[in-house]
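Enquirer: Attaching a predicted model along with its sequence, questions to come.
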Amino acid sequence: MEEKQSIDIQPLLTVKEVASWLNISASLVYQLADSGKLPVHRVGNGKGAIRFAANDITAYLTACRNQVTPKSSPTPKVRLQHIKLN
């Protein structure tokens, strides 16, 4: 008997959809894709159209989340005094 693998198929998003979701420009989406920060799927011949998996976008957002660090107390300012030279 042949085993079938279960593939989680989710819809792929366009550049415009990703830009809208992240509230950024389409050109920034292309830059993130070119830099490898956002994984892409190429669809079609040649360079083809690029598409993004939703879970890749959420993984990118998670990686971008700033970690909150406790603020240290500010260092007190050293007050300088002028000295008179004779």
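Expert: Sure, I can see it.
Enquirer: Now for the nearest residue to S25 once chain neighbours are set aside: which residues touch it?
Expert: Of all residues not flanking S25 in the chain, A19 sits nearest, at 6.1 Å (C-beta to C-beta, 6 or more residues apart in numbering). Every residue, glycine included, has its C-beta placed from N, CA and C. Applying C-beta atoms under 8 Å, 6 or more residues apart in numbering to A19 gives the contacts S25, A26, L28, V29.
Enquirer: Out of those, who's the most crowded?
Expert: V29 (25 neighbours; other C-beta atoms under 10 Å).
Enquirer: Which of the three states applies to that one?
Expert: State at V29, reduced to three classes by DSSP: H, G, I helix; E, B strand; the rest coil: helix.
Enquirer: what residues are up against it?
Expert: V15, V18, A19, L22, L38.
Enquirer: likewise H41?
Expert: L12, I50, R51, F52, A53.
Enquirer: let's see 6 Å
Expert: Contacts for H41 were tallied using C-beta atoms under 6 Å, 6 or more residues apart in numbering; they are L12, R51.
Enquirer: Now it, what are its backbone angles?
Expert: When read as degrees, to the nearest 10, the backbone of H41 gives phi -120, psi 130.
Enquirer: Any chance of a markdown table for the contacts of V29, columns pLDDT and secondary structure?
Expert: As requested, the contacts of V29 are arranged in a markdown table below (pLDDT from 0 to 100; DSSP: H, G, I helix; E, B strand; the rest coil):
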| residue | pLDDT | secondary structure |
| --- | --- | --- |
| V15 | 96 | helix |
| V18 | 97 | helix |
| A19 | 97 | helix |
| L22 | 95 | helix |
| L38 | 95 | coil |
